[in-house]
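> fold the following for me, if possible:
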Amino acid sequence: MIKYEDLVKHLKNREFAPVYLLMGEEPFYIDQLCKFFENKVIDEADRDFNQVVLYGKDTTPADVVANAKQYPFGSQYRLVILKEAKDLSDFELIANYAQNPMPSTILVICHKYGDLKKVKPFEKHGVIFKSEGVRDYDLSKWIDKQAAFFHFQLDESTANLLAEHIGNDLSRIFKEFEKLRMLLPPNSRITPDVVENYIGISKEYNFFELSDALAMRNVSKSYKIMLNFVKYQKEHPNIQTINQLFKFYHGMLRYHLLADKSLTAQQVCFGSKSAYYLKKLTGYANRHTVPQLINIVSILREYDAKAKGVDTECSPEELLKEMIFKIIH
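Got it, this is the predicted structure:
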């Protein structure tokens, strides 16, 4: 299977294969590749006759193959794109075609949110790309890479702020950068103020500020942020806050239990290679004892269950207040 960067390079060099199978749980990369095929392969003047887009729920395997077997008209290639391929009930005819495809046709199969089980028929003449998401600990790095792609400068704290608020929604992150490109000049520095003004993420009321306040046992600041989370539950749902706090405190607990506290071990434990963040997180860990951390992790497990409706009739707002109070005291 080919990597995304390598596939993009081949496409930009117009090194086309007869068949492309784009599959996987992460839709972002498949959407980006599909957009490239739609806009960059066939000249705009030739698309009416040589480019067709089909949808899995509205077509049949026979229609896909019939379109793929047609010759191009006044163009080097004919492009057939099958979107929502997961909705297609049977791939046998298409798999048979892939073993002996038309050299003048480019067939692109977009199979989002899952893998096609039988990929061997596509291997000989086709290109198979598996789209995978970005792991939590790599998300800030991915955001920084996208910022560079859009010719922005971005420091790690701002990348972490975006990662914490948006999460692994790669498509939304990309769209936010597209929006910023229309509003800001090239090489602009994306600061927390920019994020707050143009993306709507508060630089003051976010998870990083809350975790810092809790770790430092800053009661007034913790309550101030907690009350903002209570007010804006839609932007800060309890389950998300609890999951992030669990990773935060569980990382500190793991650090205490490490036999090897080398730099590499710390990087794995906290999911960061930043010397600044490692120093801060190990400092926070050393402010807590193992029993304290075990108790906080236990509290977070309890309220994770309650946030999912187990053994409680309290509102989400009241649950968050209770949980923060117990963590602090």
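> longest helix anywhere in this protein?
Among the segments of the chain that qualify as a helix by DSSP state H, the longest is helix 238-257.
> mean confidence for the helix or strand following it?
Per DSSP states H and E, the first helix or strand lying C-terminal to helix 238-257 is helix 263-270. Mean pLDDT, computed over helix 263-270, is 89.
> from Tyr276, how far off is Gly309?
Note on Gly309: its distance to Tyr276, by CB to CB, to the nearest Å, is 39 Å. Where you see a C-beta, it was placed from the backbone N, CA and C, and this is true even at glycine.
> whoops, Ala285 was the one
15 Å.
> those two: which has the busier surroundings?
Under the criterion of other CB atoms under 10 Å, the comparison of Ala285 against Tyr276 puts Ala285 first, with 22 against 10.
> outside of stretch 216-224, which residues touch it?
With CB atoms under 8 Å, 6 or more residues apart in numbering as the test, stretch 216-224 has contacts from 209-210, 212-214, 284, 287, 324, 328.
> and the longest helix of the chain, what does it pack onto?
Helices and strands touching helix 238-257, by 3 or more CB pairs under 8 Å, 6 or more residues apart in numbering; DSSP states H and E, are helix 207-215, helix 263-270, helix 275-286, helix 290-307, helix 316-328.
> ok, the spatially most central residue of the chain - contacts?
Nearest to the mean C-alpha position of the chain, counting by CA atoms, centre = their mean, stands Asn168 at 3.0 Å. Residues in contact with Asn168 (CB under 8 Å, 6+ apart) are 133-134, 136, 139.
> run the last query once more with 7 Å
Contacts for Asn168 (CB atoms under 7 Å, 6 or more residues apart in numbering) come out as 133-134, 139.
> and it, its phi and psi?
phi -90, psi 20 (degrees, to the nearest 10).
> go on, Val80?
phi -120, psi 120.
> please report how far Phe177 lies from Phe152.
From Phe177 to Phe152 the distance is 7 Å (CB to CB).
> ok, now Asn286?
Distance of Asn286 to Phe152, given as CB to CB: 36 Å.
> if you count surrounding residues, which of these two has more?
Neighbour tally, Asn286 and Phe152, criterion other CB under 10 Å: the higher count belongs to Phe152, 21 against 11.
> can you tell me the closest non-neighbouring residue to that one?
Ile190 (5.1 Å; CB to CB, 6 or more residues apart in numbering).
> can you get me a residue count around the one you found?
Using other CB under 10 Å: Ile190 sits among 25 other residues.
> for ChimeraX, write the select line for the buried members of the contacts of stretch 216-224.
Of the contacts of stretch 216-224, the buried ones go into a single ChimeraX selection, burial set by 16 or more other CB atoms under 10 Å:
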select :209,210,212,213,214,284,324
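> assign the residue in the chain sticking out farthest from the centre to helix, strand or coil.
Distance to the chain centre peaks in the chain at Gly74, reaching 40.2 Å (criterion: CA atoms, centre = their mean). Of the three states, Gly74 takes coil according to DSSP: H, G, I helix; E, B strand; the rest coil.
> who's in contact with Lys321?
Applying CB under 7 Å, 6+ apart, the residues near Lys321 are 226, 230.
> also the one 4 residues further on?
Taking CB under 7 Å, 6+ apart as the contact definition, Phe325 lies against nothing.
> gap between it and Val219?
10 Å.
> what count of nearby residues applies to the residue nearest to Gln153 when sequence neighbours are not counted?
Distance criterion CB to CB, 6+ apart; nearest residue to Gln153, sequence neighbours excluded, is Arg189 at 4.4 Å. By other CB under 10 Å, 13 other residues sit near Arg189.
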